[in-house]
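Enquirer: got a sequence here, can you build the structure:
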Amino acid sequence: MTTQPNWFTELSDSGTIFGLELTEAGKLHEEQTPFQKLAIYDTTTFGKLMTLDGCTMVTTRDNFVYHEMMAHPVLFSHPAPKRVCIIGGGDCGTLREVLRHPEVESAIQIDIDERVTRVSEMFFPELCESNNDPRATLAFEDGIAWINNAEPGSLDVLIVDSTDPVGPGAVLYSEEFFRGCWRALGENGLLVQQSESPLVHAEKIIKPMHDTMRQAGFSDTKLHQFQLVSYPTGWWSCTIAAKAGKVEFARQAAAEVLTFPTRYYNAGIHQGSAALPQFLKELLG
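Expert: Numbers count the residues shown, from 1 in each chain. Coordinates of the predicted model:
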């Protein structure tokens, strides 16, 4: 990360740089948590910006795209998503989207760093508005250990709202972790995980991730792509994996008559985001 007086800029391994102009207030908050450096900035066009170790995590302006795509495609792909677990997701935006579904009876969010959630409650209260929902549980512990200790078949949907697959985050893309996820999922169980940029990470992250999921026991994988300006290259993705059978749009009829508000997701986006450019079709088979 580099900083200029009136700008936040982030250099990425994709050979790109992303920047946001700051207001006069500039940096609103900074702290070293037990796990990472957390900062909040005030920008002129994207509202509040949260970074972890200098990397963009969430902005007021475009977070809805990521959170809706991490929650709604996988939930509408499951015939009866009652028991949901989110690994990571400390800003609570994905949890909010999950709890928009009346079918969900329980949702546990497991993030090792409580400070991410507490600071989000201060600067992104709109993302945390469902934290006190009686169906929600916030757990601040090691998500990998939690999954390994979970009762087999105890989850319908598992959402891995993870960091990039480097350093401590690399284990979240391992065969061992995916095997633990497979065990924790019940019949018709689905896993979704953010899978980086199709433009620059297709061969070194997305393809190996799909292969590893299948090696861990998942029978089918499906990539969904979406635009996300504040992430490297502006082109992002998530991958849904099925414990058994195919990843299908099981509740399309419900998605076509949404009973809750969205800003990005709808049934057409669900279908269109799974239509892949030719190079991805050839790569993923």
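
Enquirer: remind me, longest helix of the chain?
Expert: helix 63-77 (DSSP state H).

Enquirer: so what's the residue nearest the centre of the chain bridging to?
Expert: Nearest to the geometric centre of the chain sits Asp161, at 3.3 Å (CA atoms, centre = their mean). Under the criterion DSSP bridges, Asp161 forms beta bridges with Gly88.

Enquirer: how close does it sit to Asp111?
Expert: In this view, Asp161 and Asp111 are 9 Å apart by CB to CB, to the nearest Å. Glycine gets a C-beta too; all of them are placed from N, C-alpha and C.

Enquirer: repeat that for Asp42.
Expert: Relative to Asp111, Asp42 is positioned 24 Å away (CB to CB).

Enquirer: so the two - more neighbours on which side?
Expert: Asp111 (24 against 20; other CB atoms under 10 Å).

Enquirer: residue contacts, that one?
Expert: 87-90, 117, 138-140, 143 (CB atoms under 8 Å, 6 or more residues apart in numbering).

Enquirer: cool, Asp62 as well?
Expert: With CB under 8 Å, 6+ apart, Asp62 has these contacts: 46, 228-230.

Enquirer: and those residues, which two are the farthest apart?
Expert: Within these, Phe46 and Leu228 form the most distant pair, 11.9 Å apart (CB to CB).

Enquirer: strands of the chain, residue ranges please.
Expert: 2-4, 7-11, 17-32, 37-43, 48-52, 55-59, 83-88, 106-110, 136-139, 155-161, 185-194, 220-227, 235-242 (DSSP state E).

Enquirer: need those strands in CSV with mean pLDDT and distance to Thr94, can you?
Expert: Listed next are the strands of the chain as CSV, based on pLDDT from 0 to 100; distance: least, CB to CB, whole Å:
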stretch, mean pLDDT, distance to Thr94
strand 2-4, 54, 29
strand 7-11, 94, 22
strand 17-32, 96, 22
strand 37-43, 98, 18
strand 48-52, 97, 14
strand 55-59, 96, 10
strand 83-88, 97, 6
strand 106-110, 98, 8
strand 136-139, 98, 12
strand 155-161, 97, 5
strand 185-194, 97, 10
strand 220-227, 98, 14
strand 235-242, 98, 11
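
Enquirer: want to try JSON lines for those, with distance to Ser77 as columns?
Expert: Output for the strands of the chain, formatted as JSON lines (distance: least, CB to CB, whole Å):
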{"stretch": "strand 2-4", "distance to Ser77": "40"}
{"stretch": "strand 7-11", "distance to Ser77": "32"}
{"stretch": "strand 17-32", "distance to Ser77": "31"}
{"stretch": "strand 37-43", "distance to Ser77": "33"}
{"stretch": "strand 48-52", "distance to Ser77": "29"}
{"stretch": "strand 55-59", "distance to Ser77": "24"}
{"stretch": "strand 83-88", "distance to Ser77": "13"}
{"stretch": "strand 106-110", "distance to Ser77": "17"}
{"stretch": "strand 136-139", "distance to Ser77": "22"}
{"stretch": "strand 155-161", "distance to Ser77": "9"}
{"stretch": "strand 185-194", "distance to Ser77": "6"}
{"stretch": "strand 220-227", "distance to Ser77": "8"}
{"stretch": "strand 235-242", "distance to Ser77": "6"}
